[in-house]
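Asks: Could you look at this predicted model? Sequence included:
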Amino acid sequence: MRGYEVTFELPSGGRTRADVVTETEGELKIVESKNGPNAKLTPRQTEAQITVEQGQSLIPRGDNAKAAGLTPGQPVQIKEYQVDKH
């Protein structure tokens, strides 16, 4: 686990906050948790998911990104975007 509530800037210039950022064997993953049968990703979370799936970078922003060992303002490659539904 690298960090919680990490903010990322999207290609559109908008921002989204990932619930959890993990790292396994050097590859970063975002994990979003959704609770309830009707819980959905927000439009910006959906943009982040599509961005990751297309192999594009996200830009970490803020103190939580820094605490997660990411360099704010420096684009990073996220390998996977996982949505956990509870």
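Replies: Sure, I can see it. Residues are numbered from 1 along each chain as shown.
Asks: By residue count, tell me the biggest helix in this structure.
Replies: The longest helix of the chain (DSSP state H) is helix 43-53.
Asks: C-terminal to that helix, what's the next element?
Replies: strand 57-61 (DSSP states H and E).
Asks: now the next helix or strand after that following strand, how far from the chain's geometric center?
Replies: Toward the C-terminus, strand 57-61 is succeeded by helix 62-67 as the next helix or strand (DSSP H and E). In terms of Cα atoms, centre = their mean, to the nearest Å, the centre of helix 62-67 is found 13 Å from the chain centre.
Asks: What residues of the following helix or strand past helix 62-67 count as buried?
Replies: Remark: after helix 62-67, the chain's next helix or strand is strand 76-85, criterion DSSP H and E. Neighbour counts over strand 76-85 (16 or more other Cβ atoms under 10 Å) mark 78, 81 as buried. Placement of C-beta: from N, CA and C, glycine included.
Asks: now stretch 47-57
Replies: 47-49, 51-52.
Asks: can I get the CA coordinates of that stretch in CSV?
Replies: The C-alpha coordinates for stretch 47-57 follow below in CSV (Å, rounded to 0.1, in the frame of the first residue of the first chain):
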residue,chain,number,x,y,z
GLU,A,47,-12.1,9.4,-16.9
ALA,A,48,-9.2,8.2,-14.7
GLN,A,49,-10.2,4.5,-15.4
ILE,A,50,-10.3,5.1,-19.1
THR,A,51,-6.9,7.0,-19.0
VAL,A,52,-5.3,4.1,-17.2
GLU,A,53,-6.8,1.5,-19.5
GLN,A,54,-5.4,3.4,-22.5
GLY,A,55,-1.9,3.4,-21.0
GLN,A,56,-1.8,7.1,-20.5
SER,A,57,-0.2,8.8,-17.5
